[in-house]
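[1] no sequence on this one, just coordinates:
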């Protein structure tokens, strides 16, 4: 009884890669074209061993019952043909090429990426815009057929419509049959003797077209909107790719966006902060009245609910947060100085006694935001 593992020189736990490497080494050494006719039987034994051990099902049967479990296929060489040897050395690509048949002319087009700049209010509320795209579209003359109207593709005379040709080459393994794409038809199996005059046989033409883009509320810089099938039509009238619109939101002179909230700063006089007042503030929704309570402090934040940016793909909006800056006068006339001096006397603040208090991270955050202009 032959021991196939011993013939290939591998252990019973050998992987498929180890079995293939061992076979390749022995096949090169024992092939009759290399070692002479005397090695023919040894080469057949090696080939038979590889045929069984490289097939997981046959290997399992062999491990369980030896050659007798293989059901009579135990003769040297068995059904292991020359094409199997070629595939082992050169890969499965050559055999697969022939089985695939001709390559279709129509291929999927490329995806495209287009930037779209929006103003803040457009990103906040959503907008419909038209974008101009230079792209490939289906040829209006041949409608993707690639041929002049009234004509049709012709079966390739070189490959007979198979899309591939076979050639015989001689190697150390003997005569080897190789398969490669037909150079006459490019692997398509047909030729176009009379191409479309509009697209020169491409099945598509380049043009500029307008595409509507529905931008939802809440988009931000970096958001991508996918428009399926709005990309380039493929060669040979193949299906179009997709178009991606990448949003860029321009900076606003007043409002700074953080998530779906908007932030702004308002500067009020010291007297307004002390006495309270009513301000008319311009928002994305128009003018809004804002009431400042008496004693409003610097860096106090006034929150206007629902006046921020719309939530993307969900109802509702963020808030508008107004940060208060209190303006301290640097120049006073005599009367103003007299009144402030009188006020300081009434409040007992002519010579205030400062009290140091612990700092907090919030203080430094406010200072950082102030110097950063946020």
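    That came through fine. On a predicted model such as this, the values are computed, not experimentally measured, just so you know. Numbering: from 1, shown residues only.

[2] Quick check on residue 246: phi, psi?
    Backbone torsions for residue 246, taken as degrees, to the nearest 10, come to phi -100, psi 120.

[3] Isn't it up against residue 219?
    No: look at residue 246 against residue 219 with Cβ atoms under 8 Å: they stay out of range, at 10.1 Å. Placement of C-beta: from N, CA and C, glycine included.

[4] the more surrounded of the two?
    Using other Cβ atoms under 10 Å, the more surrounded residue of residue 246 and residue 219 is residue 219, with 25 against 13.

[5] Can you give me the neighbour number for residue 113?
    Applying other Cβ under 10 Å, we find 11 residues neighbouring residue 113.

[6] give the contact list for residue 195.
    Each residue near residue 195 by Cβ atoms under 8 Å, 6 or more residues apart in numbering is listed here: 146-148, 201.

[7] most neighbours, which of the residues you listed?
    Using other Cβ under 10 Å as the neighbour test, these are led by residue 146, with 27 neighbours.

[8] what sits against that one?
    Residue 146 makes contacts with 105, 153, 192, 195-196, 199, 201-203, 236-237, as judged by Cβ under 8 Å, 6+ apart.

[9] Buried subset of the residues you listed, written for ChimeraX?
    Under the burial definition 16 or more other Cβ atoms under 10 Å, those of the contacts of residue 146 that qualify are selected in ChimeraX by:
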select :105,153,192,195,196,199,201,202,203,236,237
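
[10] I'd like the contacts of residue 146 as a markdown table, with secondary structure and distance to residue 15 appended.
    What follows is the contacts of residue 146, written out as a markdown table (DSSP: H, G, I helix; E, B strand; the rest coil; distance: Cβ to Cβ, whole Å):
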| residue | secondary structure | distance to residue 15 |
| --- | --- | --- |
| 105 | coil | 42 |
| 153 | coil | 48 |
| 192 | coil | 49 |
| 195 | strand | 52 |
| 196 | coil | 54 |
| 199 | coil | 52 |
| 201 | coil | 50 |
| 202 | coil | 48 |
| 203 | coil | 47 |
| 236 | helix | 43 |
| 237 | helix | 47 |
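
[11] can you put the contacts of residue 146 in CSV and add pLDDT and distance to residue 302?
    Below are the contacts of residue 146 laid out as CSV (pLDDT from 0 to 100; distance: Cβ to Cβ, whole Å):
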residue, pLDDT, distance to residue 302
105, 88, 66
153, 93, 73
192, 93, 72
195, 94, 70
196, 95, 67
199, 94, 62
201, 93, 68
202, 93, 62
203, 93, 62
236, 91, 63
237, 89, 61
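
[12] And the helices in this structure?
    Ranges of helices within the chain are 4-8, 16-30, 32-35, 40-53, 56-65, 82-90, 93-100, 120-125, 270-275, 334-346, 361-371, based on DSSP state H.

[13] next one: the first one to chain centre, how far?
    In this view, helix 4-8 has its centroid 49 Å away from the chain centroid, taken as Cα atoms, centre = their mean, to the nearest Å.

[14] can you list contacts of it?
    Contacts to helix 4-8, defined as Cβ under 8 Å, 6+ apart, come from residues 11-12, 14, 19, 22-23, 26, 45-46, 48-50, 52-53, 62.

[15] how about 6 Å then?
    Residues from elsewhere that reach helix 4-8 (Cβ atoms under 6 Å, 6 or more residues apart in numbering): 12, 22, 45, 49, 52-53.

[16] can you redo those residues as JSON lines with neighbour count?
    What follows is the contacts of helix 4-8, written out as JSON lines (neighbours: other Cβ atoms under 10 Å):
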{"residue": "12", "neighbour count": "11"}
{"residue": "22", "neighbour count": "20"}
{"residue": "45", "neighbour count": "18"}
{"residue": "49", "neighbour count": "27"}
{"residue": "52", "neighbour count": "22"}
{"residue": "53", "neighbour count": "25"}
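
[17] Pull the most distant pair out of those.
    Maximum pairwise distance in the contacts of helix 4-8, criterion Cβ to Cβ, is 17.8 Å, between 12 and 45.

[18] low-confidence ranges in this structure?
    Judged by pLDDT under 70, the chain has its weakly predicted residues at 1, 31-37, 69, 71-100, 169-176, 359-374.

[19] try 50
    Along the chain, the model assigns pLDDT under 50 to residues 73-83, 86-88, 90-99, 363-364, 367, 370-371, 374.

[20] Look at residue 122 and say how many residues are nearby.
    For residue 122, the neighbour count with other Cβ under 10 Å is 19.

[21] Spatially nearest residue to it, not counting backbone neighbours?
    Closest residue to residue 122 apart from its sequence neighbours, by Cβ to Cβ, 6 or more residues apart in numbering: residue 215 at 6.8 Å.

[22] And that neighbour, how far from residue 207?
    For residue 215, the distance to residue 207 (Cβ to Cβ, to the nearest Å) stands at 24 Å.
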